[in-house]
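A.B. asks: please work out how this folds:
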Amino acid sequence: PAQRTADMGRLATGIRAQRDVQRAAQGLARNAPEARVQLVTLAARPDPTGATAAAVIRAFADANDRFGAAEAARVGEAANRAAGATPRLAIAGALLSAGLDAEALALADQIEQGRVTAEQRRDIASLRAGAAIRASDRLNNEGNQAQAFEQLRPVLQRDPDNTEARLALARLHQGAREPAEALRIAEGILARNPRSLDARQAALDAAVALRDFNRAEALVTEGLRLHPRDSRMSVLEARYARATNNEARARRALEQAAEARRAELGFQTIPGTPGLPPAMLPNPFARAGAVATSAPAPGVPQDRVSREIATELASLERETGFIVTATPSFRQRSGSAGLDRMQSIIAPVEAEITPPGIGGRLTARMTGVSLDSGTLGTDLATRIRFGGNPLLGAGAGSPRTNAAGVNVGMAYRRDDWLRADVTSSPIGFPRATILGGVELAPQIGGVRLRVVGERRSVQDSLLSWAGQRDRLAGRDFGMVVRTGGRAQVEIPVGPGFA
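C.D. replies: As a prediction, the model looks like this:
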């Protein structure tokens with residue numbers, strides 16, 4: 001220790017502070033109030049670099065605690081205000097990365113009013129550029145590409161080669177359904193920096209949108225070669241695999257991403273829940289029914305990348321798993337008893353799978369249907385409204401007032417461009433028939449063409465759906481089926497169009 005220089009001492013202090021922050025951040029999953037107090041206390045430590053407070057802010061952001069991040073920033077800024085602009089700039093940068101753009105810009109304005117060096121002015125400009133990029137991304141996600149570009153324009157004019165701004169521009173083109181231009185921009189950045197994962201993600205998204213799967217596969221292969229143990233690269237591989245309906249590859253990639261993330265966080269790699277830290281040893285001294293305050297909250301990853309992996313895995317399970325659902329419903333239509341009044345109970349039971357090899361979702365469906373229209377009145381006016389001949393008296397008999405049956409069918413859907421189904425009308429009604437439909441909705445540039453053809457039962461009344469029987473003529477009537485189709489062109493007309 002006596003041989004240490006001042007720089008070595010500062011470095012050792014910084015390493016200890018970072019280790020303390022990491023240890024306290026891990027406690028957010030076990031005992032959030034206590035860990036929160038520890039983190040805020042660490043942010044209050046005097047640190048002329050601002051690195052400790054910045055690390056605390058990022059730890060709160062990874063735990064999705066924006067209020068804690070803002071509180072740590074206030075405490076850290078107050079503790080280091082006399083140290084000059086350097087620690088406050090570090091805190092402002094951490095606020096920006098935590099998504100607290102307004103707080104970051106307000107602090108940058110305060111810093112700029114004081115005495116700053118030329119390098120610190122460049123840091124302030126970089127921080128403002130980052131805030132503009134975030135604002136542009138938000139507007140792009142809302143479908144307002146024109147206003148998003150206005151946020152980017154000053155940054156691009158000041159620094160046309162700003163990598164983050166150019167990637168934001170690529171995302172704008174992607175959002176505006178111009179993937180070819182997005183791919184051109186992203187590949188230009190990759191040519192200068194092949195290790196940029198953000199540029200690789202932008203290029204991969206654009207290549208998939210263009211259906212250029214050869215180029216997309218090449219991007220993934222090169223990325224895995226350059227980043228063989230990076231969890232983010234494995235997530236990109238999983239997204240590409242899902243886009244090409246290779247669910248097995250997507251699952252393997254996400255499991256690899258979970259293992260890589262555990263290694264990045266310093267956890268021992270042992271079997272456990274993918275995307276989460278490994279399970280803790282059971283407590284043999286815990287009493288039955290007692291709450292163990294040191295146990296981590298199950299199923300809640302505490303850092304952003306782990307949450308992303310867990311979300312992707314859950315989404316993959318939903319999209320590819322075997323799912324059985326039952327959604328009974330009751331519907332009542334007012335009107336005259338026996339005529340247009342109808343009570344219906346519909347109880348569909350569905351089983352859904354992903355067919356191997358072709359992707360999409362295949363659904364087998366069985367639906368029980370029970371209808372009741374009430375008892376038709378016996379007075380002359382009601383009989384005439386129904387269509388009975390009053391001269392025949394009671395010989396015509398009473399009309400059907402209820403019906404029950406079960407229809408069976410199958411349906412297939414592929415992304416948002418293909419849907420098809422075939423089903424029977426309820427078996428148990430007087431007459432069964434085949435129903436179904438097909439919908440094609442390909443995306444052609446910025447325009448979607450939608451073509452629909454279908455054959456469906458008219459379900460407005462018991463007469464139109466189940467029909468009635470003319471007992472004198474011995475014939476059934478009603479049971480109306482509509483057959484038709486339509487074609488439409490869907491064109492974006494403004495912000496928010498989807």
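
A.B. asks: and the longest helix along the chain, which residues are buried?
C.D. replies: Determined from DSSP state H, the single longest helix within the chain is helix 118-141. By neighbour count with 16 or more other Cβ atoms under 10 Å, helix 118-141 contains the buried residues 120, 123-124, 126-137, 139-140. Every C-beta, even on glycine, is put in place using the N, C-alpha and C of the backbone.

A.B. asks: a strand runs through residue 331, doesn't it?
C.D. replies: Yes: assessed with DSSP: H, G, I helix; E, B strand; the rest coil, residue 331 lies in a strand.

A.B. asks: and stretch 320-338, C-alpha only, in CSV?
C.D. replies: Provided in CSV are the C-alpha atoms of stretch 320-338 (Å, rounded to 0.1, in the frame of the first residue of the first chain):
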residue,chain,number,x,y,z
THR,A,320,-45.2,-22.0,-30.1
GLY,A,321,-46.6,-23.9,-27.1
PHE,A,322,-49.6,-26.2,-27.0
ILE,A,323,-52.5,-24.0,-25.8
VAL,A,324,-56.0,-25.1,-24.8
THR,A,325,-58.6,-22.4,-24.2
ALA,A,326,-62.3,-22.3,-23.4
THR,A,327,-64.1,-19.0,-23.7
PRO,A,328,-67.9,-19.4,-23.1
SER,A,329,-70.1,-16.3,-23.8
PHE,A,330,-73.7,-15.4,-23.5
ARG,A,331,-75.6,-13.0,-25.8
GLN,A,332,-79.1,-11.7,-25.6
ARG,A,333,-81.0,-9.9,-28.3
SER,A,334,-84.3,-8.1,-27.5
GLY,A,335,-87.3,-8.4,-29.7
SER,A,336,-90.6,-10.3,-30.0
ALA,A,337,-90.7,-13.7,-28.5
GLY,A,338,-90.5,-16.5,-31.1
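
A.B. asks: now do that stretch: everything it contacts.
C.D. replies: Stretch 320-338 is contacted from outside by 247, 340-354, 373-377, 382, 385-386, 399, 401, 460-461, using Cβ atoms under 8 Å, 6 or more residues apart in numbering.

A.B. asks: now with 6 Å?
C.D. replies: Contacts to stretch 320-338, defined as Cβ atoms under 6 Å, 6 or more residues apart in numbering, come from residues 247, 341-354, 373-376, 401.

A.B. asks: tell me the buried residues within the residues you listed.
C.D. replies: Members of these classed as buried by 16+ other Cβ under 10 Å are 247, 341-342, 344, 346, 348, 350, 352, 354, 373-374, 376, 401.

A.B. asks: go through these and flag which are in strands.
C.D. replies: Among those, the ones falling in strands (DSSP state E) are 342, 344, 346, 348, 350, 352.

A.B. asks: so how far is stretch 198-207 off the chain centroid?
C.D. replies: In terms of Cα atoms, centre = their mean, to the nearest Å, the centre of stretch 198-207 is found 18 Å from the chain centre.

A.B. asks: what does stretch 320-331 give?
C.D. replies: The chain centroid and the centroid of stretch 320-331 are separated by 21 Å, computed with Cα atoms, centre = their mean.

A.B. asks: quick one: mean pLDDT over the longest helix of the chain.
C.D. replies: Averaging pLDDT along helix 118-141 yields 89.

A.B. asks: just give me the neighbour total for the nearest residue to residue 245 once chain neighbours are set aside.
C.D. replies: What sits nearest to residue 245 in space, not counting adjacent residues and going by Cβ to Cβ, 6 or more residues apart in numbering, is residue 359, at 2.8 Å. When neighbours are counted by other Cβ atoms under 10 Å, residue 359 registers 18.

A.B. asks: hmm, back to that, which of the buried ones among the contacts of stretch 320-338 sit farthest apart?
C.D. replies: Spatial extent of the buried ones among the contacts of stretch 320-338 (Cβ to Cβ) is set by the pair 247 and 376 at 54.6 Å.

A.B. asks: the helix or strand where residue 317 lies versus strand 342-353: what angle between them?
C.D. replies: In the assignment (DSSP states H and E), residue 317 maps to helix 304-320. For helix 304-320 and strand 342-353, the angle between their directions (axes from the mean of the first three to the mean of the last three Cα atoms, to 10 degrees) works out to 110 degrees.

A.B. asks: any idea which helix or strand comes after helix 304-320?
C.D. replies: Downstream of helix 304-320, the next assigned helix or strand under DSSP H and E is strand 323-326.

A.B. asks: and that next one, which strands flank it?
C.D. replies: Here strand 323-326 is paired, per DSSP bridges, with strand 342-353 (antiparallel).

A.B. asks: the stretch 51-200 of the chain: helices as residue ranges?
C.D. replies: Using DSSP state H, counting those that start in this stretch, the helices of the stretch 51-200 of the chain run over residues 51-62, 66-79, 85-97, 101-113, 118-141, 145-158, 163-175, 179-192, 197-209.
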